[in-house]
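**Q** sequence isn't available, so here's the structure alone:
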């Protein structure tokens, strides 16, 4: 088991780690900072594919997040690894395809709880659509969905961390 200063560890997962998952990471990081909980929760993001390893988020994701006061500029893409299942408490995926990919990679005895992020928005069977091949409207739709899910996740974290 991982021994660190963090009480909870969350990993967001999408296909390439340049649109949805880094945006979710940035949103949650900002919300936890606003709540004074940033030092209690470790947050990261990754992709199931390796196309964008080391690359910054998509410029449209960076701009859409910046419009909300969220800075994604320092984030860099990485690929999901077997070690993530031992390190993180929760692995939150954006869609059914990535859920299947994550579950296919999950080793026996994994400590991580794997589920769709929109579970926290009250939409457990719904996908956050990939905006990569679309226009600006797709990125705005993703922001709206992620904002709802992140609020639900923050509520859940407050309960888990016993914060009133």
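**A** In hand now; what should we look at? Because the structure is a prediction, the values reported are computed rather than measured.

**Q** other SSEs contacting the biggest helix by length in the chain?
**A** In the chain, with assignment by DSSP state H, the single longest helix is helix 136-160. Counting contacts by 3 or more Cβ pairs under 8 Å, 6 or more residues apart in numbering; DSSP states H and E, helix 136-160 packs against strand 8-14, helix 20-35, helix 59-66. Where C-beta positions appear, they are placed from N, C-alpha and C, glycine not excepted.

**Q** for it, buried residues please.
**A** Residues of helix 136-160 classed as buried: 138-139, 142-143, 145-150, 152-154, 157 (neighbour count, 16 or more other Cβ atoms under 10 Å).

**Q** please convert those to a markdown table, extending it with distance to residue 91.
**A** Shown next, in a markdown table, are the buried residues of helix 136-160 (distance: Cβ to Cβ, whole Å):
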| residue | distance to residue 91 |
| --- | --- |
| 138 | 24 |
| 139 | 23 |
| 142 | 19 |
| 143 | 22 |
| 145 | 18 |
| 146 | 16 |
| 147 | 20 |
| 148 | 19 |
| 149 | 14 |
| 150 | 16 |
| 152 | 16 |
| 153 | 13 |
| 154 | 18 |
| 157 | 15 |
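
**Q** make TSV out of those residues and add pLDDT.
**A** Shown next, in TSV, are the buried residues of helix 136-160 (pLDDT from 0 to 100):
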residue	pLDDT
138	88
139	93
142	94
143	94
145	96
146	97
147	97
148	97
149	98
150	98
152	98
153	98
154	98
157	97
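
**Q** nearest to residue 20 among those residues?
**A** residue 142 (5.9 Å; Cβ to Cβ).

**Q** for residue 7, see how far away the closest one is.
**A** Distance, residue 142 to residue 7, by Cβ to Cβ, to the nearest Å: 28 Å.

**Q** same question, residue 153
**A** For residue 153, the distance to residue 7 - Cβ to Cβ - is 15 Å.

**Q** residue 32 now?
**A** Residue 32 is 12 Å from residue 7, by Cβ to Cβ.

**Q** neighbouring contacts of the longest helix of the chain?
**A** Helix 136-160 has contacts (Cβ atoms under 8 Å, 6 or more residues apart in numbering) with 7-8, 10, 19-20, 23-24, 27-28, 31-32, 35, 37, 41, 60-61, 63-65, 68, 92, 117-122, 128-129, 131, 163-164.
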